[in-house]
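Enquirer: 3D, please:
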Amino acid sequence: MKKTLAVVLAVMALTACKPGEEKALELAQKEISADLKDPDSAKFRYLRVAKTQENEDGTVLVLVCGQVNAKNG
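Expert: Coordinates of the predicted model:
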């Protein structure tokens, strides 16, 4: 059974050099898929970087919004 999951917030702490938007979206997909029972069934759409914030300690926080449709019991 397919279940649609709305990804409201996927906040990631990215360290080292500033990543591009593509890298942030790729990491968000990887992290969300890792929490599913069937990660290969995940279909992402409407993904976008909503906000980026650089902290004083060099950490970059990226807010990614979008939707995922996947099989998950």
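Enquirer: so what's Lys51 closest to, chain neighbours aside?
Expert: Leu63 (4.1 Å; CB to CB, 6 or more residues apart in numbering). No exception for glycine: its C-beta is placed from N, CA and C like everyone else's.
Enquirer: is that neighbour in a bridge, and if so with what?
Expert: Val11, Lys51 (DSSP bridges).
Enquirer: For Gln53, see how far away it is.
Expert: From Leu63 across to Gln53, the span is 8 Å (CB to CB, to the nearest Å).
Enquirer: what pLDDT does the closest residue to Glu54 other than its chain neighbours get?
Expert: Leaving aside its chain neighbours, Glu54 sits nearest to Val60 (5.2 Å; criterion: CB to CB, 6+ apart). We have a pLDDT of 83 for Val60.
Enquirer: Would you check how far apart Val60 and Glu21 are?
Expert: From Val60 to Glu21 the distance is 12 Å (CB to CB).
Enquirer: Can you show me the strands along the chain?
Expert: 2-14, 43-54, 60-71 (DSSP state E).
Enquirer: quick revisit: Leu63 and Gln53: which is more packed in?
Expert: Leu63 (17 against 10; other CB atoms under 10 Å).
Enquirer: Just give the closest residue to the spatially most central residue of the chain, not the sequence neighbours.
Expert: Most central in the chain under CA atoms, centre = their mean is Ala28, positioned 2.1 Å from the mean C-alpha point. Nearest non-adjacent residue to Ala28, counting by CB to CB, 6+ apart: Val64, 4.0 Å away.
Enquirer: tally of neighbours for that neighbour?
Expert: 24.
Enquirer: Flag every buried residue along stretch 58-68.
Expert: Of the residues in stretch 58-68, Val60, Val62, Leu63, Val64, Cys65, Gly66, Val68 count as buried by neighbour count, 16 or more other CB atoms under 10 Å.
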